[in-house]
Structures are given as C-alpha cells and as structure tokens.
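Undergrad: Any chance you can model this:
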Amino acid sequence: MSASYRAKAVANYFLTQMRLHKLLCYPHGWHLGFRDMPLLDETLVAWPYGPVAPSICGDFAQLGATSIDCFATEFNPSRKDSSSVPAFDASDTFVRDLLARVWEVYGDYTAAQLSGLTHAADSPWTVTRENDSRVKYAGIPNRVIRSHLRERIERARSAV
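TA: Have a look, this model is predicted:
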C-alpha cells in the first residue's frame with residue numbers, strides 16, 4: 001500500500017512538541033530509502049534551526065515548548081465543526097511498522113540528540129543549507145534524503 005500521507009497524519013502518531021519536526025524526518029527518509037517513495041505529501045524544508053514539515057508549524061507553533069495535548073487538524077468543510085484529525089491508514093502495515101520502529105529507535109532521543117543527527121555534516125538538512133545558503137527556507141529534495149538514507153542502509157548491510 002504505502003501511499004503518501006498528510007504530514008499531519010504522521011505528526012499525530014508522534015505528538016511530541018520539541019522533537020516532532022525532527023522525528024517526522026525519519027519515517028519520511030526511511031520510506032524513501034526502502035520504498036523509493038515519499039511518505040509525506042509535502043516537501044521538508046531546511047529552516048535555519050532544522051528540517052520541518054511546513055504544515056505542522058501552524059498547528060503547534062503557539063504551544064512553544066509545552067507538551068502537545070491535541071491532535072493536528074485540517075479544515076474539512078463537510079464537517080459541522082469544520083476540522084478533522086488526519087490519520088494514516090492503519091491497514092498499511094509497512095507504514096504502521098515503520099512508524100513504530102522510528103518511535104522505538106528515536107522516541108527516547110532528546111531534542112538535542114535529534115538535532116545532532118539532523119545537523120550532522122552529511123545530513124540532508126546540512127547538504128541543502130550548504131547548497132542553498134542564500135535561501136532562508138530551502139526545500140530539501142527527496143533525492144537528497146533518499147540518497148542519504150540509502151547510504152545508511154548500505155553501511156548497515158555491510159556491517160552485518
């Protein structure tokens with residue numbers, strides 16, 4: 001199955017304010033690395049302080065560093081309350097297992113540890129910022145993310 005999902009649907013899986021933006025990068029990147037298809041339906045952006053999914057910023061920016069106690073929502077004119085809570089298709093076992101694995105591996109990382117990973121010298125965020133240093137909010141090309149994750153996959157396979 002593994003279709004592209006709304007970034008808000010994947011964000012609702014994690015719901016951790018300080019780490020949310022960085023955590024969104026991992027399932028998207030691993031999905032590109034393993035399936036050669038984006039998980040998110042939007043381009044991650046190399047903002048000055050790290051990679052972000054722009055649609056997520058609006059929903060949680062007002063919370064600052066506080067814990068998230070609500071889901072990301074989207075406008076839905078067919079509903080009386082005009083909003084809906086996006087979710088990924090739970091029958092999509094590849095994505096469900098991928099999200100669970102990302103949470104298992106990275107869920108206990110602090111924001112600083114995740115920043116260290118996303119800001120590493122060879123990371124897609126760093127490569128994009130260096131290539132487009134004049135642009136404040138450069139999109140991180142999926143091909144850059146895919147290449148980075150495939151290199152990590154190959155290194156892991158070689159180590160076994």
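
Undergrad: and Arg96, how far is that from Trp103?
TA: For Arg96, the distance to Trp103 equals 11 Å [CB to CB, to the nearest Å]. For the C-beta atoms, the positions are set from N, CA and C on the backbone; glycine is no exception.

Undergrad: again with Val160
TA: For Val160 relative to Trp103 (CB to CB), the value is 23 Å.

Undergrad: Have a look at those two and say which one is more surrounded.
TA: It is Trp103, of Val160 and Trp103, that has more neighbours when counted by other CB atoms under 10 Å, with 16 against 4.

Undergrad: State the three-state secondary structure for the more buried one.
TA: Per DSSP: H, G, I helix; E, B strand; the rest coil, the local secondary structure of Trp103 is helix.

Undergrad: repeat for Ala46
TA: Quick answer, by three-state DSSP: Ala46 is strand.

Undergrad: Now for it: which residues touch it?
TA: Pro124, Trp125, Thr128, Arg129, Asp132, Tyr137, Ala138, Gly139, Ile140 (CB atoms under 8 Å, 6 or more residues apart in numbering).

Undergrad: which one's the longest helix in the chain?
TA: Counting residues, the longest helix found in the chain (DSSP state H) is helix 142-159.

Undergrad: That one - contacts with which helices or strands?
TA: helix 20-35, helix 124-131 (3 or more CB pairs under 8 Å, 6 or more residues apart in numbering; DSSP states H and E).

Undergrad: May I have the first one as PDB, with CA atoms only?
TA: As requested, the backbone C-alpha atoms of helix 20-35 are provided in PDB (Å, rounded to 0.1, in the frame of the first residue of the first chain):
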ATOM      1  CA  LEU A  20       8.200  16.400  16.400                       C
ATOM      2  CA  HIS A  21       9.700  18.200  13.500                       C
ATOM      3  CA  LYS A  22      12.900  16.100  13.600                       C
ATOM      4  CA  LEU A  23      11.000  12.900  14.200                       C
ATOM      5  CA  LEU A  24       8.900  13.500  11.100                       C
ATOM      6  CA  CYS A  25      12.100  13.400   9.000                       C
ATOM      7  CA  TYR A  26      12.900   9.800   9.900                       C
ATOM      8  CA  PRO A  27       9.900   7.800   8.700                       C
ATOM      9  CA  HIS A  28       9.800  10.000   5.600                       C
ATOM     10  CA  GLY A  29      13.500   9.400   4.900                       C
ATOM     11  CA  TRP A  30      13.400   5.600   5.700                       C
ATOM     12  CA  HIS A  31      10.300   5.300   3.500                       C
ATOM     13  CA  LEU A  32      12.300   6.900   0.600                       C
ATOM     14  CA  GLY A  33      15.200   4.700   1.300                       C
ATOM     15  CA  PHE A  34      13.300   1.500   1.400                       C
ATOM     16  CA  ARG A  35      10.400   2.100  -0.900                       C
END
